[in-house]
Structure formats: C-alpha cells, structure tokens
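> What would the 3D arrangement of this be:
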Amino acid sequence: MSNPTSAKQTSVSVFEWIDTRHQFLLDTYAELIVTPDRKHISRCLYLAHQIQDACKVNKDGIISALQLNRTPRYQYVKELFAAVLCELLGKQCGLTSSKRLLLICAALTQDIAMLAEQDSTLDKQTTPLTEGQRKFISKHPAASKKILEDAGVKDAIWLSAVEQHHERMDGSGYPNGLLGEQISQAARILSTADTYVAMIRPRADRVTKFPRDALKEVFLVRGDQIDVPLARTLIDTLGIHPPGAWVKLANGEIGVVTGAGLDHPFPNVSVVLSEQGEHLDQAQPRDTSIRSNTIVEIVPAPFHFNLGSILQVIWPQINA
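All right, here's what the predicted structure looks like:
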C-alpha cells in the first residue's frame, strides 16, 4: 500500500491534502483492527509526521479545510481534526516535537476499538443509546489501548492519552473516574481537542454547533470537564472566530474566516457573497478591523454556484 506522497513532490489544495490523509487513515484502520502489527503503527507515525509538517507551513488552511469538510463518515474526519488540534495545543503547552508526535498518534487511534460500531450504527442513530451500547462505549478506551499494545505500542504518552481521553477533571468521566492531575497531560490535551471537534462535526443524534458556540461551551465547562488552562489555550489558538467559520459582515457581505490574523477580534475573512447576495467570481479579502467589515453574525455555509472552486484557491497549496 502506497504512502500519500510520491518521489516527485507536488503541491495540492488543503482540501485535497485532507482527502488523501483521510483515505490513508481509513486504510490504516482497516489493517490495524484486523491484524494489530507494528507496521500499522509505523503508518500512524508517518501520518503524524505529515500532520506536524503541514501545521508548520499552513495551519490555518488545514484547520479551515477540516472545519469546512462535510464527509459523512463522521468519526474519521473527527480523528484527523483532533490530531491537528493536539499538535497545535501541544506546541502551545511546550511539548517537544517527539512528544507531540505521540499525542497526534493518540488522537488518530483514540477510538480504534469502536470504529466499526461508530461507522455502522452510532453515527446514524437518532434514538437514545441502549444500555448495551453505553457499556460498550464505556469500555472502548481500555479496548483501544489493548489493540495498540497488541500492535507493539509501548509509549506512555500515546497509551495514557487513549485510555484517559474520556476522563473529566471533576472525576465524572470514564473508564476509571480519574480526578484532576490524575489524568495525564496528554489525555487532557486530547480531551480538549476531542470535545471541541465532536461539537462542530455533524452527527445524527445532535445539532452541529457553530465553532464560536463550541468554544463558548468548552470555556463554560472548564474546571469541571476541561482543564482550565487548556480551555484558554484552545481559544487563543483558534481565535473567537476559528478558520473555516462562515460569518456575515456589517456591510452585509458573507465570507469565510481564513485565519486568526494578527488580532483575534479581527480575523482574516474572504467574502464570497456581496452585500446584495451576488455570487462573486472569486473570494475577496476583507480587513475586519474596519467598521464596515466588522463581523456581526455567525452564519451557516451559504449557497454559491461555484463555492467549491472558489474555496480551493483561498489558502496556499501544500506539499502532497
């Protein structure tokens, strides 16, 4: 099975980059679940290196592509998104590059024991969970850790993050009801990333939240469920209007946040609809520190007859 790069390096849009890594992750899961083996763990590490390198050169584009992605297979895009956030949060927390690689791997494999059930049933289910499903879910962190150990993973950062990513600061989490500092730093980082991504990804049993609303909820549960400093770090990293969020400006234009910019209250925005609702031929950047360009509202993704093509060229291309 080939890697998502070739000997001759080419550049692709951030959306194509995400799609290629998504497929690579699907292939890795398929093999790792059936036959836990060190070579599949090497594939996780390879993908973690790819994510780390991409975040160095185009983190806003990668975050935007993940935010705008609406691939129906919820779980796999969620894992990718959480992995990217773990890299960014880990860096803000002062973790070394090698420790962040292990944290990224943990994000990619956090739910490895329940992926089949998630894909076939849970993602599509609109009714409350059965008692059997609740028990299954409560056991998946330990089961995921066991699969990784069987595949040869020995790194404490990776294994503790996977086993503890559903633990909560107030002791209300699972599987062991750990409290506060009993939860590893890696697990607390992964939990923060995973909680945010779960709220903004579409799923059958709950309404998708706008990024700003998800950040607000993370901030509100800080101290109880989420580590307080990490809640603040997440907001500092993404800004109050994260890349990939759709917004309406004071002048009536509709655009997408392309990056945090130099000042979080005034992110970079590229508009695709004019104040009259006309479809622009190409995205046009706006300085949101100007009063007429101030963000006044978070909005759903707009209809635009050529939206996909316009979005492809907003962010710089990245090595394939």
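> Going by C-alpha atoms from here, please, whenever you check contacts or count neighbours.
Will do.
> Now do the same for the residue nearest the centre of the chain: helix, strand or coil?
Centroid-nearest residue in the chain: F81, 1.9 Å away (criterion: C-alpha atoms, centre = their mean). Under DSSP: H, G, I helix; E, B strand; the rest coil, the three-state class of F81 is helix.
> Distance of the closest residue to it other than its chain neighbours relative to L108?
Nearest non-adjacent residue to F81, counting by C-alpha to C-alpha, 6 or more residues apart in numbering: L66, 6.2 Å away. When distance is defined by C-alpha to C-alpha, to the nearest Å, L66 is 14 Å away from L108.
> Next: D37.
16 Å.
> Of the two, which one has the most company?
It is L108, of D37 and L108, that has more neighbours when counted by other C-alpha atoms under 10 Å, with 26 against 18.
> Just give the closest residue to the more buried one, not the sequence neighbours.
E79 (5.1 Å).
> So which residues of the stretch 51-200 of the chain form helices?
Remark: helices assigned in the stretch 51-200 of the chain by DSSP state H, counting those that start in this stretch are 74-92, 97-109, 115-117, 131-150, 156-164, 185-200.
> Can I get those in a markdown table including distance to K56 and mean pLDDT?
Shown next, in a markdown table, are those (distance: least, C-alpha to C-alpha, whole Å; pLDDT from 0 to 100):
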| stretch | distance to K56 | mean pLDDT |
| --- | --- | --- |
| helix 74-92 | 9 | 90 |
| helix 97-109 | 11 | 97 |
| helix 115-117 | 29 | 72 |
| helix 131-150 | 28 | 88 |
| helix 156-164 | 22 | 97 |
| helix 185-200 | 18 | 95 |
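> Same list (these) but as TSV, adding distance to F210.
Below are these laid out as TSV (distance: least, C-alpha to C-alpha, whole Å):
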stretch	distance to F210
helix 74-92	15
helix 97-109	22
helix 115-117	25
helix 131-150	26
helix 156-164	27
helix 185-200	6
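> Tell me which of those helices sits nearest to I295.
Each of the helices of the stretch 51-200 of the chain has some distance to I295 by C-alpha to C-alpha; the shortest is helix 185-200, at 19.8 Å.
> After that closest one, which helix or strand is next?
From helix 185-200 onward toward the C-terminus, using DSSP states H and E, the following helix or strand is helix 211-220.
> buried stuff in the helix or strand following that next one?
Past helix 211-220, further along toward the C-terminus, the next helix or strand under DSSP H and E is helix 228-238. Neighbour counts using 16 or more other C-alpha atoms under 10 Å place 228, 230-231, 233-235, 237-238 of helix 228-238 among the buried residues.
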